[in-house]
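Q: sequence-free structure coming up:
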């Protein structure tokens, strides 16, 4: 069936089956490779995208459900150079292998949009569903806190 | 990827949805947030011929107070509950419970009604909706009906919902109360309940007590409620009710916890939860959202 999909501001017309999962369609048809295929059951967060500004597991969304919604991946927040948050990920050494990074950047982007001055606890809660097996999380939390208005202060 | 092909429909009215379901008896599944459904499709736990997406049906996303009842539509997500002023004002326990569900990326999609329709033993909404004597409102080809939440969970992943019905909303009677949801997890953040306790304390020493993840369905304990009923809470009364826990629940041992650990911790959570619910009724006690284990 025909599917009109808006990804990172661009309108796509795709031919999909009802059983096609959004994650696979984004990677294989649209060509956005930043959402990663991890656990494919909603636990690891590596497939995270923003749908209408909210973080969503693209492995648990059928592509046909995404019609009419605004899909954003890491590619979409980097068109005009990297965001402040992404720069802070680099300066804080917040990732090593990088597999989790797109999902974590998007989860943190949602958090900072909703709560520009998060506490350490807020950051931990917001990233609870994004697994990282390299860093031990602390450099990631530090980067997100630095991107907030509190500049890393923990109440 | 999902191995089995199926047809997808997105009706725009409840009548169209129930008619579509009725035309495919036993072969269609309802899709709301999809966080269980898509995972189960991928795992071949379910293999429907037709998936009916109800997200384009209007008015199912409402949270509102009508007279002395709270009305929660079937498309209301856990994030909606956490962010709703109406919920924080009237039934903050629903927000406390919602904050323990999975992670933000799941809560942004997963609906509370979907949670009780999937009806896994650890469903977080189960114990909380049980202590509020919630009514589940359904519509089908033969009209509307309502089901008492106490009659909703009929078995492991089984509910009173029939093949051609759609849940439209829940209603909860608004009464002064103190509520508690205590959830045991392997780690803070994202996990299913190893065991859970939901409690509502009402004026005049009236209590509702429910458990999650320690039986095939979320359950209420009439025996514990009756023991508490009409009596002022004290250490002796709490000790007597806590001693009843092993006979009231039937937990299993699996990869997340042993039956013995679940039983022990359920008793601990009941003890802490009873005091916290009683204190919250009086406007004291830990703030909603505080973790008791």
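A: Looks like it arrived, so ask away. Here the structure is a predicted model, which means the values were calculated and not measured.
Q: Report the separation between whatever residue of chain A ends up closest to chain B and residue A:103.
A: Across chain A, the shortest distance to chain B (C-beta to the nearest C-beta) belongs to residue A:129, at 2.2 Å. C-beta here means a position set from N, CA and C on the backbone, and glycine is covered the same way. Taking C-beta to C-beta, to the nearest Å as the measure, residue A:129 falls 9 Å from residue A:103.
Q: So between these two, which is more surrounded?
A: Shown here are residue A:129 and residue A:103; by other C-beta atoms under 10 Å in any protein chain shown, residue A:103 has more neighbours (30 against 24).
Q: Verify the stated contact: the more buried one with residue A:48.
A: Yes - judged on C-beta atoms under 8 Å, residue A:103 makes contact with residue A:48 at a distance of 3.6 Å.
Q: who touches both of those two?
A: A:35, A:130 (C-beta atoms under 8 Å, 6 or more residues apart in numbering or on different chains).
Q: can you list the domain ranges for the chain.
A: Just going to use chain A. A:2-77, A:84-147 (automatic domain parsing).
Q: Hmm, no, I was thinking of chain B.
A: B:7-53, B:63-173, B:178-281.
Q: Quick check: phi and psi on the residue lying closest to residue B:250 once chain neighbours are set aside?
A: Nearest non-adjacent residue to residue B:250, counting by C-beta to C-beta, 6 or more residues apart in numbering or on different chains: residue B:215, 5.0 Å away. Torsion angles at residue B:215 (phi, psi; degrees, to the nearest 10) stand at phi -170, psi 170.
Q: Please name the residues that touch residue B:215.
A: B:121, B:249, B:250, B:251.
Q: Could you pull out the buried residues of the longest helix anywhere in chain A?
A: If you go by DSSP state H, chain A has its longest helix at helix A:101-114. For helix A:101-114, burial by neighbour count (16 or more other C-beta atoms under 10 Å in any protein chain shown) applies to A:101, A:102, A:103, A:104, A:105, A:106, A:107, A:108, A:109, A:110, A:111, A:112.
Q: Does the fifth one touch residue A:84 like I think?
A: No - Residue A:105 is not in contact with residue A:84 according to C-beta under 8 Å; the separation is 11.2 Å.
Q: Which members of the buried residues of helix A:101-114 additionally contact chain B?
A: A:107, A:110, A:111 (C-beta under 8 Å from any C-beta of the partner chain).
Q: Need the per-residue pLDDT for the second one.
A: At residue A:110, the predicted lDDT confidence score is 98.
Q: tell me the phi and psi of residue A:25?
A: Dihedral angles of residue A:25 (phi, psi; degrees, to the nearest 10) stand at phi -70, psi -40.
Q: do you know which of the domains of chain A lies nearest residue B:143?
A: domain A:2-77 (29.0 Å; C-beta to C-beta).
Q: So which residues on the stretch 51-200 of chain B come close to chain A?
A: B:51, B:53, B:55, B:79, B:99, B:102-106, B:108-109, B:188-190.
Q: need the contact list for residue A:56.
A: Per C-beta under 8 Å, 6+ apart, neighbours of residue A:56: A:48, A:49, A:50, B:105, B:108, B:109.
Q: Quick one: these as JSON lines, columns for pLDDT, distance to residue B:147 and neighbour count too.
A: Below are the contacts of residue A:56 laid out as JSON lines (pLDDT from 0 to 100; distance: C-beta to C-beta, whole Å; neighbours: other C-beta atoms under 10 Å in any protein chain shown):
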{"residue": "A:48", "pLDDT": "98", "distance to residue B:147": "36", "neighbour count": "33"}
{"residue": "A:49", "pLDDT": "98", "distance to residue B:147": "36", "neighbour count": "29"}
{"residue": "A:50", "pLDDT": "98", "distance to residue B:147": "37", "neighbour count": "25"}
{"residue": "B:105", "pLDDT": "97", "distance to residue B:147": "31", "neighbour count": "32"}
{"residue": "B:108", "pLDDT": "98", "distance to residue B:147": "28", "neighbour count": "22"}
{"residue": "B:109", "pLDDT": "98", "distance to residue B:147": "25", "neighbour count": "25"}
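Q: now those residues as JSON lines including secondary structure and distance to residue B:281?
A: Shown next, in JSON lines, are these (DSSP: H, G, I helix; E, B strand; the rest coil; distance: C-beta to C-beta, whole Å):
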{"residue": "A:48", "secondary structure": "strand", "distance to residue B:281": "40"}
{"residue": "A:49", "secondary structure": "strand", "distance to residue B:281": "43"}
{"residue": "A:50", "secondary structure": "strand", "distance to residue B:281": "40"}
{"residue": "B:105", "secondary structure": "helix", "distance to residue B:281": "34"}
{"residue": "B:108", "secondary structure": "coil", "distance to residue B:281": "32"}
{"residue": "B:109", "secondary structure": "coil", "distance to residue B:281": "34"}
